[in-house]
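> Test case, fold it:
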Amino acid sequence: MTVTAPLEDGVVVTSRGKVARGDRSYARDKIRHVLRFAPAPVLYAKVVLTAEPDPGRPRPAVTEVNLDVDGRPVRVKVAAATMHEAVDLLEARLRRRLEHLAGRDRAEHLRHRDDAWHHGDAFGYRPAYFDRPPGEREIVRHKSFAPAPMTFHEAVYDMDLLDHDFFLFAHADTGHDAVLYRLPGGKHSLVKPTGVTSTEDAIALLDLGHEPFVFFLDPDTRRGRVLYRRYDGNYGLITAGDATPG
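So this is what the prediction gives:
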């Protein structure tokens, strides 16, 4: 069951599964409070509370918030044992994101290193991957976009604001598509493309191991593609090209 409730301050709360009304109110109050740390008008705010149906999962309570802060997207997603714990984690991480966006100069955050960079906000609590059998997995999300060239440090900055574990971008220094990956402990590193040349080969490679994604190049355009494991056990595909964000 999915329940959506628009709030008086423009925030939208959506719940999936057996989420108590009190949990939705708790999340509403927490997010409304933390939005005061935003450095610019918040044009859009959506909170999603998900109660996973599998009781065996160690962190069945999943919370996510997506903001548009005057044109700048900010996203946080965490999981915990209880919904209140997940909301508390969500609030804390979102506050750090907004403070990071608000008052700190990029030069104070970016360690000028060629291969990796450490950010104080390391891995948070992530949902557990659902072990869907390979024969039942599908590509359920395909996003194509034309990334504007950016430096390694700019990619780290945007990746942290979006709370992603990897980030496909056009490297301004090399002119080639690249993937930034968040390592355990908070470090960031560039990943080289694999030798696969098709989505089918990428699926086979992803199914062989436990890697969260496969980065490869389109053989015709030489543009980057990332096939990744979704938490629901299916796949997502991101392609770089001459398309608008989807």
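
> tell me which element residue 97 falls in.
Element membership for residue 97 (DSSP states H and E) is helix 83-102.

> ok, now residue 207?
helix 199-208.

> can you pull the contacts of the residue nearest the centre of the chain?
When C-alpha atoms, centre = their mean is applied to the chain, the residue found nearest the centroid is residue 164 (3.1 Å). Counting by C-beta atoms under 8 Å, 6 or more residues apart in numbering, residue 164 touches 75, 182. C-betas here are computed from N, CA, C, even on glycine.

> what about it, distance to residue 32?
Plainly put, residue 164 is 25 Å away from residue 32 if you go by C-beta to C-beta, to the nearest Å.

> Check residue 89 too.
For residue 89 relative to residue 32 (C-beta to C-beta), the value is 17 Å.

> And those two? Which one has more around it.
residue 89 (19 against 16; other C-beta atoms under 10 Å).

> Skip the chain neighbours and tell me the closest residue to the more buried one.
The shortest distance from residue 89 to any residue other than its chain neighbours is 4.4 Å, reached at residue 78 (C-beta to C-beta, 6 or more residues apart in numbering).

> likewise residue 84?
That would be residue 26: by C-beta to C-beta, 6+ apart, it lies 6.3 Å from residue 84.

> Tell me which stretches of the protein form strands.
2-6, 11-16, 42-51, 61-69, 72-80, 116-118, 139-145, 166-170, 177-182, 187-191, 213-217, 224-229, 235-240 (DSSP state E).

> Going by mean pLDDT, which of those strands comes out lowest?
In terms of average pLDDT, strand 116-118 trails the rest of these, at a mean of 35.

> Pretty sure residue 79 sits against residue 51.
No - here residue 79 lies out of contact with residue 51, judged by C-beta atoms under 8 Å, at a distance of 10.9 Å.

> so what sits against both of these two?
60-62.

> Next, give phi and psi for the residue lying farthest from the centre of the chain.
Distance from the C-alpha centroid of the chain, by C-alpha atoms, centre = their mean, peaks at residue 220 (28.4 Å). The phi and psi values for residue 220, taken as degrees, to the nearest 10, are phi -90, psi -50.

> Could you check the pLDDT of it?
90.

> From residue 207, how far off is it?
24 Å.

> And the residue nearest to residue 84, what's its pLDDT?
For residue 26, pLDDT reads 93.

> quick one, what contacts it?
Here residue 26 is in contact with 83-84, 87 (criterion: C-beta under 8 Å, 6+ apart).

> Next one: it relative to residue 45, how far apart?
Distance from residue 26 to residue 45, by C-beta to C-beta: 16 Å.

> for residue 140, same thing?
From residue 140 to residue 45 the distance is 25 Å (C-beta to C-beta).
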